[in-house]
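In: sharing a model prediction with you, sequence too.
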Amino acid sequence: MFSSDLKRGSMDLFVLSALDGRSRHGYDIGKVLEVRSGGQLQLPVSTLYSTLYRMEDRGWIKGRWVEKGGERRRCFYTLTPAGQTALHTQRQEWAAFAAMVTLVIGAGHAGLGDVAE
Amino acid sequence: MRDWETWLSEYLDLPVMADRRDRRMVAELAAHVEQIWQEARAAGASDEEADALVIARLGDRRTAAQELLRAERHHATAEAIRRIERAEDRWHARGGVRARLADAARELRQTIRSISKRPAFAATIVLVLALGIGATTAIFTLVDAILLSPLPFPESDRLVSLSHSAPNVGQGEVGQCAAWHVTYQEEGRVFDDLGMYAFSRADITGDGEPDAPRSMVATAGVFSTLRVQPVAGRLLLPADEDPGAPAVVLLTHGYWRARFGGDPGVVGRTLRVNGESAAIVGVLPPTLALLGQDPAIVVPLRYRRAELFVGNVGYSAVARLKAGVTREQAVADMARMLPLAFEKFPGGPVIAAAREADYQPSVVLLADRLAGGVARVLWVLLAGVAVVLLVACANVTNLFLVRAEGRRKEMAIRTALGASRRRIGWEYLRESVVLGLIGGAAGLAVAHAGLRLLAIRAPSQLPRLDEVALDPTALLFTLALATGAGLTSGILPMLRQDQVGVSETLKEGGHSGAGGRGRHRIQNLLAASQIALVFVLLVASGLVLRSASALWTADPGFRDPGHLLAVSIRINSQSVPDAAAAASQQETIARHLAEIPGVDGVAMATSLPAYTGGNINPLYVEGLTAAGTAPPVIRRHTWIGEGYFSTLGIPVLRGRALTWQDAHDRAPVAVVSRGLALACWGSVDEAIGKRISVRPDPVRWAEIVGVVEDVRDDGVNMASPPTVYWPQVTAAFWEGDGTDDLLVWRSVSYAIRSSRVGTPGLADDVRRAIWTVNPNLPLSSVGTLGDYLARSFSRTTFALALLSAAAAIALVVGLTGVYGVISYAVSQRTRELGMRLALGADPRRLQAMVLRQGLALAAAGTLGGFALALGATRLMAGLLFGVTPVDPLTFGAVAAVLAVVAVAVALVPAYRASRVDPLVALGAE
């Protein structure tokens, strides 16, 4: 599928976007990413959690224990204001980067014609 | 239901988690995998299939564990920093000193973060500084313990060593004689106390194998002067000096521990010393070993006042000056008393010679005397390592300059944004000081390792080595060095930061253009200074190397000392009272030794070259120095048996050697060394048949029957002393007039020449041969003359090893510096070089250009080093042998070597310069 480098480089953005708008626990985040990617994104459990912890250390997300009747205690993660900003910036960067990459490699823009050698 | 937390911890082999956050991690993971498992089961999978899915989702178990633990470590650091930040904030809020402390802590943290961002840069600086600081600390510690710190005796600055010299008769420093000792004691006004001592050997017999350890004969005054206290029993008393008093002996601390296991009950027991039963009255403290020679026992020095005469000046003297008395005053008082000694003791065999000699007193601090020639070696070494430290500092300064250059743009932007230049400058200084301190800490480790190595390898002349340790003084010294090194390396970049104009830097676009020249000048200067300092060190070690090789190849005057086994015996007058019988035993032993298979020859003498000290006394030469005409010359005297010259390989130049028959006949004959023959008669031929005497009145002439080649008796680095060789037995030598007044030395040494030297059997055969003649004879000083000879230049070898190590470190550090400067210059000129290449420049010419830069640095450095070395090497004149401090060969060779390595070091950047890709270079920025 995708090279692990490519995935690793985008991990922060993946996790931030999964938390955009609502808090989720770790398993839920993994599930969301898997579903949204059509099953292409199945993260090793350790990668997911080490990313979460790193982002929490950076102050982008905050974990909070929630106990629901009859269920196991789960830690729910929520975006902090800093996390919101980071998500926003990274989204913009990514969009710009993707547009540039597409421009450079020429895919889907055949209509512009080849650049004369 | 499975306990997923336990399962997970075991599966991933996670350490026991103590922190709350750590436990949360395991709990979360457990919940996660549990959910995976349950969902799989709900979808119809078997237990095994669900397990397999969990394991698959965990991925490689080692990678997973590492990933999680890394996140945890990161968390711990982040947490710690947060805690520190919170503390800083709290302190800051309180204002005053605390706020300032908080600021300092924050700055320190920023500095450490800034350093840790460039680990290679930091590691290089720490390594370079650690080498410089470590080497300097190690040698400083030696200097401090051996030369600077006071001797471990009360008020040791008042302790002096007394000696005398007679320049009129070509007599260098001699010690003390009993007549002077008594005179100083009775007439002196400057001494609180004084003592006299000498080293010898004693035979200890009785229980077990006979032993012949070093012994010290001393007056009671030695101990009261030093103010030492006994470990057990008592020390010597003036009453013990009376020849009629019962025999007593003191044990030194080392011997007491070694032979008696440190048993305090030993006081009161008896020991057979030199055939006489002596009561052990006390045990000395370990500090006494400092007087040198490391004796095992101390016996009282005894004399009858009525028999004393001025002469026999072989004793050492120690005295305690009265409070406030200077050494000059002491010398003056001694000079006043020397003539009094002749009035008090007007007799004696050498009185005329002593009067003629006109002895001059001299007083040196005991500490200086004990440090001896080692002091010069240590000071030279300290200077050497200080040079290493200077090279290291210059190198680090350059590294900082280069880095500051690399950050100019960043700094310019920060300045433009409002950061004050001074503040940025301070950042550089803080970084260099912090790195200096880290370098200092690493330097301590280097120093510790270095000192341990030294303790194993140091020559025996290095006194007080057991006192050498990294003490608080050394720690303070290192701290000062480290701070100093950090400050000096950071101050230049800081000052430069102040001068950098913001707009120019930004306009330049960071290119190395015109503005570079001025900045590079400092870097070039620093690189050239490093070369200069390296030059000095290389010359110093080159000179010592030349000295060492001169010593190794110098002709000691006798042949193949490695195949000469030396052994000493003493036939005491208790076991063999008759002198003639003792002489006969000595001869028989020589003959027995010669019969051992594989032995090619045996030399017997009162002293052997490089092995034992010789006898020094006046000599009268007929027609030249006969009584009344001129003062006698003071010469070395050696009494020898048959085969002495042939065994040692000393050529007989004229006439004949001495024989056993000469000894049997008590023949008035002698052999002299070439140096003595030349000095007295101008030629070797003239000497034969001339007459000499050791006594003026009544004179007893002996005829010279042979002349032999000079021997470097005192070690190859010393001049050959003019020597007279006498037959083993002489009659009416200094005293008496009949043929029955025999002079026979009871301590003699044998040198046994054999190809078996070094094989274990020979020493046993030698012992057996000696003990068949007299089973009570202890043997001492068994070893080859080669070993003893090597000791005479162990100091040079020691200096050579340490100076070479210092020079090697400096060379590596210095060359790294040169490499750094050239290679940085090339990288800064990438654009220019690329342009030149694009315009068709010959790559080889570019290479040559870079190489020329290397050569120019080497040339400038060498020139500076030359001037420095001319001054510096003079300080080591006393260390050198067979080479002048301005030896052209050494200077030339070092200059050539430096030129070659400088070019070699420039080769890599030169190659890079010629391979610059014009396209890349022009697009580079």
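Out: Arrived safely, thanks for sending.

In: surely B:Asp740 is in a helix?
Out: No. Checked against DSSP: H, G, I helix; E, B strand; the rest coil, B:Asp740 lies outside a helix; its state is coil.

In: any stretches of the stretch 451-600 of chain B with poor pLDDT?
Out: For the stretch 451-600 of chain B, applying pLDDT under 70 flags the ranges B:457-467, B:497-519.

In: what are the ranges of the helices in chain A?
Out: For chain A, the helices defined by DSSP state H occupy A:4-18, A:26-36, A:45-58, A:81-105.

In: around chain A, pick out the residues from chain B.
Out: With the criterion set to CB under 8 Å from any CB of the partner chain, chain B comes near chain A through B:21, B:24-25, B:27-29, B:31-36, B:57-59, B:63-65, B:67-68, B:70-72, B:74-75, B:78-79. Bear in mind the C-beta positions are built from the backbone N, C-alpha and C, glycine included.

In: packed most tightly, which of the helices of chain A would that be?
Out: Neighbour counts averaged per stretch over those are highest for helix A:45-58, at a mean of 22; criterion: mean count of other CB atoms under 10 Å in any protein chain shown.

In: list the contacts of that helix.
Out: Helix A:45-58 has contacts (CB atoms under 8 Å, 6 or more residues apart in numbering or on different chains) with A:8, A:11-12, A:15-16, A:26, A:29-30, A:61-63, A:77, A:82-83, B:21, B:25, B:28-29, B:32-33, B:57-59, B:63-65, B:67-68, B:70-72, B:74-75, B:78-79.

In: now do that helix: distance to the chain's middle.
Out: Going by CA atoms, centre = their mean, to the nearest Å, the spacing between the C-alpha centre of helix A:45-58 and its chain's C-alpha centre is 12 Å.

In: what is the least confident helix or strand in chain B?
Out: Comparing helices and strands within chain B by mean pLDDT, DSSP states H and E singles out helix B:502-508 as the least confident, with a mean of 55.

In: and after it, which helix or strand comes next?
Out: Proceeding N to C from helix B:502-508, the next assigned helix or strand is helix B:516-553, under DSSP states H and E.

In: what is that following helix packed up against?
Out: Contact here means 3 or more CB pairs under 8 Å, 6 or more residues apart in numbering or on different chains; DSSP states H and E; on that basis helix B:516-553 packs against helix B:374-406, helix B:472-499, helix B:794-828, helix B:843-872, helix B:888-914.

In: kindly recompute the last result at 6 Å.
Out: The elements that helix B:516-553 packs onto, with contact taken as 3 or more CB pairs under 6 Å, 6 or more residues apart in numbering or on different chains; DSSP states H and E, are helix B:374-406, helix B:794-828, helix B:843-872, helix B:888-914.

In: quick one, the helix or strand following the longest one and helix B:843-872 angle?
Out: What it means is helix B:794-828. Towards the C-terminus, the helix or strand next in line after helix B:794-828, according to DSSP H and E, is helix B:830-838. With axes from the mean of the first three to the mean of the last three CA atoms, to 10 degrees applied, the angle from helix B:830-838 to helix B:843-872 works out at 130 degrees.

In: quick one, what contacts B:Leu435?
Out: Contact criterion CB atoms under 6 Å, 6 or more residues apart in numbering or on different chains gives B:Ile125 as the residues in contact with B:Leu435.

In: how close does B:Ala899 sit to B:Arg795?
Out: Relative to B:Arg795, B:Ala899 is positioned 32 Å away (criterion: CB to CB, to the nearest Å).

In: the two - which one has more neighbours?
Out: Neighbours around B:Ala899 and B:Arg795, counted as other CB atoms under 10 Å in any protein chain shown, are more numerous at B:Arg795. The numbers are 20 against 17.

In: per-residue pLDDT, that one?
Out: In the predicted model, B:Arg795 carries a pLDDT score of 70.

In: which helix or strand contains B:Ala354?
Out: Element membership of B:Ala354 [criterion: DSSP H and E] is helix B:351-357.

In: typo on my end, it should be B:Ala319
Out: Using DSSP H and E, B:Ala319 falls within strand B:316-321.
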